[in-house]
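[1] coords please:
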Amino acid sequence: MHKDELLDLHEQMVIIMEYFREQEEIEGGLFDPYDALDVGPDDVHKSKSEHKHAVFVLGNALASALSEDEFSNAGRIGKRMNELAEDAKQKL
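    Model prediction:
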């Protein structure tokens, strides 16, 4: 995936995150790990690796927001996103 495509994906995922933040039934600190990264889709000066890591961390949080438990489809996706985030973090 090219960096511009990754930035587009990142931006779309942030829009979804903002929707979930407005929902009352979503736990408050769910997106704190993503927020702590301080890498947004508008930060074009950040590296592709930083954006990739941010996308995986955000994907994990979004999957957690959708999952009923760790064995649901969204739960399994969240677990895989977490693994990919850890792998991307090591490559920073």
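[2] CA atoms for contacts and neighbours, from now on please.
    OK.
[3] wait, isn't residue 13 in contact with residue 56?
    No: counting by CA atoms under 8 Å, residue 13 sits too far from residue 56 to count as a contact (10.2 Å).
[4] who has more neighbours, the two?
    Set side by side, residue 13 and residue 56 show more neighbours around residue 56, with 24 against 17, by other CA atoms under 10 Å.
[5] distance of the more buried one from residue 24?
    24 Å (CA to CA, to the nearest Å).
[6] swap in residue 83?
    For residue 83, the distance to residue 24 equals 28 Å [CA to CA].
[7] higher neighbour count, those two?
    Neighbours were counted for residue 83 and for residue 24 using other CA under 10 Å; residue 83 has more, 15 against 8.
[8] With just CA atoms, put the helix or strand containing that one into PDB.
    Assessed by DSSP states H and E, residue 83 sits inside helix 73-90. Provided in PDB are the C-alpha atoms of helix 73-90 (Å, rounded to 0.1, in the frame of the first residue of the first chain):
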ATOM      1  CA  ASN A  73     -15.500 -12.100  14.600                       C
ATOM      2  CA  ALA A  74     -14.800  -8.500  15.600                       C
ATOM      3  CA  GLY A  75     -12.900  -9.800  18.700                       C
ATOM      4  CA  ARG A  76     -10.700 -12.000  16.500                       C
ATOM      5  CA  ILE A  77     -10.000  -9.100  14.200                       C
ATOM      6  CA  GLY A  78      -9.100  -6.900  17.200                       C
ATOM      7  CA  LYS A  79      -6.700  -9.600  18.400                       C
ATOM      8  CA  ARG A  80      -5.000  -9.700  14.900                       C
ATOM      9  CA  MET A  81      -4.900  -5.900  14.800                       C
ATOM     10  CA  ASN A  82      -3.100  -5.900  18.100                       C
ATOM     11  CA  GLU A  83      -0.600  -8.400  16.800                       C
ATOM     12  CA  LEU A  84       0.000  -6.300  13.700                       C
ATOM     13  CA  ALA A  85       0.300  -3.100  15.800                       C
ATOM     14  CA  GLU A  86       3.000  -4.800  17.900                       C
ATOM     15  CA  ASP A  87       4.900  -5.900  14.800                       C
ATOM     16  CA  ALA A  88       4.600  -2.400  13.300                       C
ATOM     17  CA  LYS A  89       5.800  -0.800  16.500                       C
ATOM     18  CA  GLN A  90       9.000  -2.900  16.400                       C
END
